[in-house]
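Participant: Quick one, what's the 3D model for this:
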Amino acid sequence: EAYVTASEAGWKYGVIATRVMQSLAAQNRAAALEYLSEALTLAQPERFIRTFVDGGSALTPLLIEAARQGICPEYVGEILAAFEIKKDLSSEALPPGIEPLSERELEVLRLLAAGLTNRQIAEEIVVSISTVKSHVHHICVKLDASNRTQAAARARQLGFL
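Facilitator: Take a look at the predicted model:
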């Protein structure tokens, strides 16, 4: 559903991020590679890197397999290189007063920034709507933001997105 919403709204980043997450959640390797292939093809012209790096190390084997199958091999190489130099989001790297976000909060933040509703985020990451609301609240507190829009803007400013 998140894919359809992002696609219909023309949110290229949302489509890419959704396909990356779907590739990680896919039940079989063929489906995972199909989702990843679409994400890579859409992301390559603008050289999106962070979207894939944010997928975490679980994405690495799929990226390697995609490159072996001839799916954007040079671009995949750039992404894999970025895994090696991934920015450390530890508390030392953050400005004073900003707490680090958990992996789950970063995931919710990316979906939130892509324009998904709480319900869509809940369906995407398979949690309740109240859990999503809790994550959004924690994100806003940690980023010193009053609302979702401010949280997304602050996250971009800090390099989380």
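Participant: switch to C-alpha atoms for all contacts and neighbour counts from now on
Facilitator: OK.
Participant: Could you point out the helix or strand that follows the helix or strand bottoming out on mean pLDDT in the chain?
Facilitator: The weakest-scoring helix or strand in the chain, judged by mean pLDDT, DSSP states H and E, is helix 2-9 (a mean of 55). Note on helix 2-9: by DSSP states H and E, the next helix or strand toward the C-terminus is helix 12-25.
Participant: who does that next one touch, helix- and strand-wise?
Facilitator: helix 2-9, helix 29-43, helix 50-53, helix 103-113 (3 or more CA pairs under 8 Å, 6 or more residues apart in numbering; DSSP states H and E).
Participant: mean pLDDT lowest for which of those helices?
Facilitator: The weakest mean pLDDT among the helices and strands packed on helix 12-25 belongs to helix 2-9, with a mean of 55.
Participant: what's the spacing between stretch 43-58 and its chain's center?
Facilitator: Relative to its chain's centre, stretch 43-58 lies at 8 Å (CA atoms, centre = their mean, to the nearest Å).
Participant: Name the surrounding residues that touch it.
Facilitator: The set of residues external to stretch 43-58 that reach it, using CA atoms under 8 Å, 6 or more residues apart in numbering, is 16-17, 20-21, 24, 59, 72, 75, 78-80, 82-83, 86, 161.
Participant: residues touching Ile71, list them.
Facilitator: Taking CA under 8 Å, 6+ apart, one finds 37, 40 in contact with Ile71.
Participant: Which pLDDT does the model give it?
Facilitator: Reported pLDDT for Ile71: 92.
Participant: Helix or strand for it, just tell me which one.
Facilitator: Per DSSP H and E: nothing holds Ile71, as it lies in no helix or strand.
Participant: if I look at Val76, how far off is Gly14?
Facilitator: Look at Val76 and Gly14: by CA to CA, to the nearest Å, they are 19 Å apart.
Participant: Which element is encountered next along the chain beyond the strand or helix carrying Ile139?
Facilitator: Ile139 belongs to helix 129-142 when assigned by DSSP H and E. Using DSSP H and E, the helix or strand that follows helix 129-142 in sequence is helix 148-158.
Participant: CA-only coordinates of that following helix in PDB, if you can.
Facilitator: Provided in PDB are the C-alpha atoms of helix 148-158 (Å, rounded to 0.1, in the frame of the first residue of the first chain):
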ATOM      1  CA  ARG A 148       6.200  15.600  11.700                       C
ATOM      2  CA  THR A 149       7.100  18.200   9.100                       C
ATOM      3  CA  GLN A 150       9.600  19.900  11.400                       C
ATOM      4  CA  ALA A 151      11.000  16.500  12.300                       C
ATOM      5  CA  ALA A 152      11.600  15.600   8.700                       C
ATOM      6  CA  ALA A 153      13.200  19.000   8.000                       C
ATOM      7  CA  ARG A 154      15.400  18.700  11.100                       C
ATOM      8  CA  ALA A 155      16.400  15.200  10.100                       C
ATOM      9  CA  ARG A 156      17.500  16.400   6.700                       C
ATOM     10  CA  GLN A 157      19.400  19.300   8.300                       C
ATOM     11  CA  LEU A 158      21.300  16.800  10.500                       C
END
